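**Student:** sequence? don't have it. structure:
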């Protein structure tokens, strides 16, 4: 390892690095000033859930070295906004809610069949066994 070359490259990379202005558990915002076009490589592990906006416009992200969140930058002064929202979270929640409702209805109707009383009060009369007035004989 050539330490002089390594130090020079680190200084070059650091000179145009992103200055973080604020951050949270799932987002980072900052500014960057670049003298030429290039790739901004973060230390954030790449995942499809990350979205990056440069000056308010969404940009395409990619994994540098199959691991780090990166995106192309143009020269100039820019505001960067990086946010994370897990892919599949909304469909996963919807599937879980529908499954829970189906399970509760199944348990209710099995209990209603076996004991004549379910735990969901407004469904305690079996809809398949209801007789209307005047239908009795």
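**Tutor:** That came through, no problem. If you're wondering where the values come from, they're calculated on a predicted model, not measured in any experiment.
**Student:** residue 39 reaches residue 73, doesn't it?
**Tutor:** Yes: assessed by Cβ atoms under 8 Å, residue 39 is found in contact with residue 73 at 6.9 Å. Glycine gets a C-beta too; all of them are placed from N, C-alpha and C.
**Student:** higher neighbour count, these two?
**Tutor:** residue 73 (19 against 10; other Cβ atoms under 10 Å).
**Student:** okay, and the beta partners of the more buried one?
**Tutor:** Note on residue 73: beta-bridge partners by DSSP bridges are residue 38.
**Student:** quick one, what contacts it?
**Tutor:** By Cβ atoms under 8 Å, 6 or more residues apart in numbering, the contact set of residue 73 is 32, 34, 37, 38, 39, 40, 54.
**Student:** need the buried ones from the residues you listed selected in PyMOL.
**Tutor:** Buried subset of the contacts of residue 73, written as a PyMOL selection, criterion 16 or more other Cβ atoms under 10 Å:
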select buried, resi 32+34+40+54
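**Student:** kindly indicate which of the contacts of residue 73 lies nearest residue 64.
**Tutor:** residue 39 (6.8 Å; Cβ to Cβ).
**Student:** nearest residue to that closest one in space, ignoring adjacent ones along the chain?
**Tutor:** residue 70 (5.3 Å; Cβ to Cβ, 6 or more residues apart in numbering).
**Student:** is that neighbour in a helix, a strand, or coil?
**Tutor:** strand (DSSP: H, G, I helix; E, B strand; the rest coil).
**Student:** that one: how many residues sit nearby?
**Tutor:** Counted with other Cβ under 10 Å, residue 70 comes out at 18.
**Student:** how close does it get to residue 84?
**Tutor:** According to Cβ to Cβ, to the nearest Å, residue 70 and residue 84 sit 15 Å apart.
**Student:** so the residue nearest to residue 39 versus residue 90, what's the distance?
**Tutor:** 26 Å.
**Student:** what's the answer for residue 44, then?
**Tutor:** Residue 44 is 22 Å from residue 90, by Cβ to Cβ.
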